[in-house]
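> this one's structure only:
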C-alpha cells in the first residue's frame with residue numbers, strides 16, 4: 001500500500017540559483033548600457049554644441065566680411081544678429097570675449113551626478129583671429145563632457 005515515489009518533477013536548487021545569477025547579470029548589463037541620466041546629459045551637451053556652432057558661424061561670417069574688429073566685437077550676441085541662446089539647454093551660458101582674438105565660450109554647469117568628473121563644467125569654445133582671419137570651430141572640452 002505504501003507507494004514510494006522515485007523522483008518528483010521540478011528544478012534542482014543549482015538550476016534555480018543558476019537562473020537567478022543569469023538574470024542578475026542581464027539586469028546589471030541593461031542598467032549599465034541604458035543610463036537615463038547620462039543619456040539626458042549627452043543630449044543637453046549636443047544641444048549646447050549646436051547652439052554654440054550657430055554663434056560661432058555668425059562670428060566667423062562677421063569676421064570674414066568686416067575689416068574692422070569693433071564691428072564684430074560683440075558684448076551682446078545681438079550685434080552678431082544671433083538670438084541669445086543663454087539658458088538653452090537649461091543652465092547654459094554663452095560668452096564672447098577677447099580683443100584681437102574673439103573667443104566664444106559656452107558652458108553647461110556640472111550637475112555632479114552624470115559628470116565624468118563631478119564638479120566640472122562642460123565647455124564649448126571657438127575663436128576667430130581678426131589679424132590673420134583664422135577661425136577655430138566649436139569644440140567640446142573632452143575631459144568634462146561626454
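Yep, that arrived. Since the model is a prediction, treat every value here as computed from it, not as a measurement.

> phi first, then psi, for residue 62.
For residue 62, the backbone dihedrals (degrees, to the nearest 10) come out as phi -60, psi -40.

> these two touch, right, it and residue 55?
No: assessed by Cβ atoms under 8 Å, residue 62 is found out of contact with residue 55, at 10.7 Å. The way it works is simple: take the backbone N, C-alpha and C, and place the C-beta from them, glycine included.

> mind checking the pLDDT average for stretch 38-55?
Averaging pLDDT along stretch 38-55 gives 89.

> where exactly do the helices run in the chain?
Per DSSP state H, the chain carries helices over the ranges 13-33, 36-65.

> tell me the most buried of these?
Most buried of the helices of the chain, by mean neighbour count (mean count of other Cβ atoms under 10 Å): helix 36-65, with a mean of 17.

> that helix packs against which elements?
Here helix 36-65 touches strand 93-97, strand 101-108, strand 122-129, strand 135-140, going by 3 or more Cβ pairs under 8 Å, 6 or more residues apart in numbering; DSSP states H and E.

> TSV for the ones you listed, including distance to residue 9 and mean neighbour count?
Formatted as TSV, these follow (distance: least, Cβ to Cβ, whole Å; neighbours: other Cβ atoms under 10 Å):
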stretch	distance to residue 9	mean neighbour count
strand 93-97	67	17
strand 101-108	59	21
strand 122-129	58	21
strand 135-140	60	16
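
> quick check, central residue of this structure?
Residue closest to the mean C-alpha point of the chain, counted by Cα atoms, centre = their mean, is residue 45 at 2.7 Å.

> re earlier: give the residues shared as contacts by residue 62 and residue 55.
Shared contacts of residue 62 and residue 55, defined by Cβ atoms under 8 Å, 6 or more residues apart in numbering, are found at residue 80.

> quick check, pLDDT for residue 102.
With respect to pLDDT, residue 102 scores 86.

> meant to ask about residue 18, not that
Value for residue 18, per-residue pLDDT: 96.
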